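S.K.: Quick one, what's the 3D model for this:
(one chain, ligands or ions: 1)
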Amino acid sequence: MKKFILISFILLWTLLAQDRETNKLIEGLLGDTPIEEDLKELCDVIGGRPTGSRANSLSIDWGLKKFQEAGVSASKEAFTMPGLWLENETSAQISGAAEFEPRVVALTFSKGTHRTGLRGKLVDGGHGTTDDFAKLGENARGNFVIIETDELVDIDGLFKEYADAVLIEDLAYEAGVKGLVYMSSRPMRLLYRHNASRSFENTLPMVVMAREDAKRCLRILRNDESLALLVKINVRKGGAYKSYNVIGEIKGSERPEEVVIIGAHLDSWGLGTGANDNGCNIAMMIDIARQMIKLDLKPKRTIRFALWNGEELGLYGSMAYTEQYESQLDNHVMAMSVDIGSGPITGFFTGGRPDVLNVTNKIMDPLTDLGMFTNIDIPLVGTDNFDFMMHGVGNLIANHEPANYAPNYHAESDTYDKVNLEALKRNSAIVAAVTLGYANDLNINLPRQSRQNIEKLVESTDLEQQMKSMMGIWYQWLDGKRGRKK
Ligand SMILES: [Zn+2]
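M.R.: This is a model prediction of the structure:
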């Protein structure tokens, strides 16, 4: 009996000590920290940073320096990007029944044109459905097809845009079009950059045209008048090259071989300055690591802070990590991604893993001061948790109030002023508390899933459909190029 009381006392004391550490960390992160200054440096000074660009290189060194200045042990970890694609300049001219210069930008992986441009007839492709292409018939061949889009209002719309593009582009190839013109899904002549669905295999010129300009074209075409399009797409393309993730680490005091990894992606598109996607959460990673060192916290498991690269082009940095560290993945307790902007965190996506859901619920129960949370147990494709999920590692994605994420997504308008700084600080306290919960509770046991378990997850959810809408990763999984092999 005495022994029991003693053990209970030690247990209680340990729990309280853990709570005290978590509370100190939360308090520290909610207090005065340089997170806003860091975010300004990354977005305003370095700016948009597509992987392979000079700004991206600067951001790698910046991230490394930030960790080092905070006393966090960190390194640049090299990986191979499959190819280079950067836009230099894109322009267009409409002629025929009307003459004007629409605002355009190239889709990522778009084919470039000759310096003097590529000219063709512009035809109305409706919404780019099977019926629409059937209606166009031979009229699509050798012409530019313009695709009408619905206005984007939320993240569901964004997922639909990605899924629709796969079918539209398949139909366009089949019809033998000269090129595709997508109507921008955002008003006010806002442009953004999406990936062509075939990724590095894309061979068509493709642009996004300002919504108002595209509507003008469609009104004229639907009035039975004809238009021609001259488009000049100047892109920089190249073969495989070396890029880097930046990984910071705080070694575990009791089980250093066990790892909790949290991350955000350093790269962005070059149109805006990648503030909500994903500079704000890069600043969060640095702020959490810095605060843990400042408070001299000693997590029991190792915590790694990942600044991923190559995310926008196909999640290449985090994929490389899961390959490089494959022999350690059995010891990865949890992998978290934060990549849905700076709206207040409402909970986490727990990846279709009831065991992860239970643990996360338990860790978050005491966090009532930071908000009301609902964790949602579905698997999601689209950010750096993906390869961990396909390797069977327990994974989380922070879920946020949608706020202004979707309207500014990948757009010229994704700049510092769109970040909700107050929510960002609270978000960082939430992420830190969950991370510490995973790192300190040695009773947590989330065994890595087998290939069979992962296949079951794919079959029992809409993962297959999601994977098919993202950059060919479905085939990489089938071919064994991605995910757990056995
Ligand atoms: Zn992102």
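S.K.: Does D19 touch P366 like I think?
M.R.: Yes. D19 lies in contact with P366 (CB atoms under 8 Å); the separation is 7.2 Å. C-beta: built from backbone N, CA, C; applies to glycine.
S.K.: Now the common contact residues for the two.
M.R.: Both D19 and P366 lack any common contacting residue under the criterion CB atoms under 8 Å, 6 or more residues apart in numbering.
S.K.: Please enumerate the helices of this protein.
M.R.: 2-30, 35-40, 54-69, 130-136, 155-175, 211-221, 280-294, 316-324, 354-364, 386-390, 421-440, 451-460, 463-468, 473-478 (DSSP state H).
S.K.: Kindly reformat those helices as TSV and extend each row with distance to P379.
M.R.: Below are those laid out as TSV (distance: least, CB to CB, whole Å):
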stretch	distance to P379
helix 2-30	28
helix 35-40	30
helix 54-69	28
helix 130-136	28
helix 155-175	13
helix 211-221	33
helix 280-294	20
helix 316-324	15
helix 354-364	10
helix 386-390	6
helix 421-440	18
helix 451-460	6
helix 463-468	5
helix 473-478	13
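S.K.: right, so of these, which gets closest to the ion?
M.R.: helix 280-294 (8.4 Å; CB to the ion).
S.K.: Report the inter-axis angle for the closest one versus helix 421-440.
M.R.: If you take axes from the mean of the first three to the mean of the last three CA atoms, to 10 degrees, helix 280-294 sits at 50 degrees to helix 421-440.
S.K.: Please report how far the closest residue to S73 other than its chain neighbours lies from Y316.
M.R.: Leaving aside its sequence neighbours, S73 sits nearest to E249 (CB to CB, 6 or more residues apart in numbering; 5.3 Å). The gap separating E249 from Y316 is 21 Å, by CB to CB, to the nearest Å.
S.K.: Which of the two has more residues huddled nearby?
M.R.: Y316 (23 against 19; other CB atoms under 10 Å).
S.K.: L357 against T374, yeah?
M.R.: No. In this structure, L357 is not within contact of T374 by CB under 8 Å, at 10.6 Å.
S.K.: The stretch 251-400 of the chain against the ion: which residues are in contact?
M.R.: 277-278, 339 (CB under 5 Å from the ion).
S.K.: and which of those residues is nearest A214?
M.R.: For these, the closest approach to A214 (CB to CB) belongs to D277, at 23.7 Å.
S.K.: how many other residues sit next to that closest one?
M.R.: Using other CB under 10 Å: D277 sits among 27 other residues.
S.K.: Give me the domain ranges for the protein.
M.R.: 29-83+241-478, 87-235 (automatic domain parsing).
S.K.: Next, the distance between the ends of the longest one.
M.R.: Which is domain 29-83+241-478. 42 Å (CA to CA, to the nearest Å).
S.K.: one step back: quick one, which of the helices of the chain is packed in tightest?
M.R.: Mean neighbour count, computed with mean count of other CB atoms under 10 Å, is highest for helix 386-390 among the helices of the chain, reaching a mean of 27.
S.K.: Adding mean pLDDT and distance to N23 as columns, could you present the domains of the chain in JSON lines?
M.R.: Shown next, in JSON lines, are those (pLDDT from 0 to 100; distance: least, CB to CB, whole Å):
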{"stretch": "domain 29-83+241-478", "mean pLDDT": "97", "distance to N23": "9"}
{"stretch": "domain 87-235", "mean pLDDT": "97", "distance to N23": "32"}
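S.K.: For beta bridges, what are the partners of G96?
M.R.: Beta-bridge partners for G96, by DSSP bridges, are L227.
S.K.: Could you find the closest non-adjacent residue to G112?
M.R.: G112 sits nearest to V235 (CB to CB, 6+ apart), 4.2 Å away.
S.K.: give me the number of residues near that neighbour?
M.R.: Neighbours around V235, by other CB under 10 Å: 19.
S.K.: Please list all residues in contact with it.
M.R.: V235 touches 85-88, 106, 110-112, counting by CB under 8 Å, 6+ apart.
S.K.: 7 Å instead?
M.R.: 85-88, 106, 110, 112 (CB atoms under 7 Å, 6 or more residues apart in numbering).
S.K.: Likewise for K485?
M.R.: R451.
S.K.: Next one: it from the ion, what distance?
M.R.: Relative to the ion, K485 is positioned 27 Å away (CB to the ion, to the nearest Å).
S.K.: same question, W85
M.R.: Relative to the ion, and taking CB to the ion, W85 is found at 17 Å.
S.K.: Look up which residues are beta-bridged to that residue.
M.R.: Residues in beta-bridge contact with W85 (DSSP bridges): K237.
S.K.: can I assume it is in contact with S110?
M.R.: No. W85 is not in contact with S110 according to CB atoms under 7 Å; the separation is 8.2 Å.
S.K.: Neighbour count for these two, which is higher?
M.R.: It is S110, of W85 and S110, that has more neighbours when counted by other CB under 10 Å, with 27 against 24.
S.K.: who touches the nearest residue to the more buried one once chain neighbours are set aside in this structure?
M.R.: The spatial neighbour of S110 that comes closest, neighbours along the chain excluded (CB to CB, 6+ apart), is M206 at 4.6 Å. Listed by CB under 7 Å, 6+ apart, the contact set of M206 reads 106-107, 110, 179-180, 196.
S.K.: No further queries at this time; thank you.
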